[in-house]
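**Student:** dropping the sequence and predicted coords here.
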Amino acid sequence: MKQKKAFTEEQELIARMAKALGHPVRIAIIQMLLSQKCCYHGDMSEVIPVAKSTLSQHLNELKDAGLIQGTITLPTVKYCINKERWAVAQKLFGGLFTNDNNCESCES
């Protein structure tokens, strides 16, 4: 018998992206990349004050969620926002925050 999935694909995707954004270093990375006119070439640890190994782990988490992409151009890696996936994230998260179900306040 086939077991019913507990969560929708959309819910799984939102959770994955939220987890990837769930650390201040990752938010700093995203903000830095969003502020660039083009992809970032260089040593990101000069911009974001954490150890290179720590930074690498955070970059991998964002890459695994599809929010950023990286291309190796030795001796550096070029990082960019994955625009297609970022648009998906904006739509999904925007839907969460704009969904007003007309519920009365719990404070009354």
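**Tutor:** Done, it's in.
**Student:** just checking: what are the partner strands of the worst-scoring helix or strand of the chain on mean pLDDT?
**Tutor:** None of the helices or strands of the chain scores lower by mean pLDDT, DSSP states H and E than strand 40-41, at a mean of 82. Partners of strand 40-41 in the sheet, by DSSP bridges, are strand 76-81 (antiparallel).
**Student:** check which residues of the strand it pairs with are buried.
**Tutor:** For strand 76-81, the neighbour count (16 or more other CB atoms under 10 Å) marks Val77, Tyr79, Ile81 as buried. (Glycine included, C-beta is placed from N, CA and C.)
**Student:** the very next helix or strand once past the least confident helix or strand of the chain vs strand 76-81, what angle?
**Tutor:** Moving toward the C-terminus from strand 40-41, the next helix or strand (DSSP states H and E) is helix 52-64. Angle between the axes of helix 52-64 and strand 76-81 is 40 degrees (criterion: axes from the mean of the first three to the mean of the last three CA atoms, to 10 degrees).
**Student:** show me what helix 52-64 is in contact with.
**Tutor:** Residues outside helix 52-64 that contact it (CB atoms under 8 Å, 6 or more residues apart in numbering): 19-20, 23, 25-26, 29-30, 43-45, 48, 50, 68-70, 79.
**Student:** what are the buried residues along that helix?
**Tutor:** Judged by neighbour count (16+ other CB under 10 Å), helix 52-64 contains these buried residues: Leu55, His58, Leu59, Glu61, Leu62.
**Student:** using CSV, list the CA coordinates for the host helix or strand of Glu10.
**Tutor:** Following DSSP H and E, one finds Glu10 within helix 9-20. What follows is helix 9-20, C-alpha atoms only, in CSV (Å, rounded to 0.1, in the frame of the first residue of the first chain):
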residue,chain,number,x,y,z
GLU,A,9,6.1,19.5,-2.7
GLU,A,10,5.5,23.2,-2.2
GLN,A,11,5.7,22.9,1.6
GLU,A,12,8.9,20.8,1.3
LEU,A,13,10.4,23.4,-1.0
ILE,A,14,9.5,26.3,1.3
ALA,A,15,11.0,24.5,4.2
ARG,A,16,14.2,23.7,2.4
MET,A,17,14.6,27.3,1.3
ALA,A,18,13.7,28.6,4.8
LYS,A,19,16.3,26.3,6.3
ALA,A,20,18.9,27.6,3.9
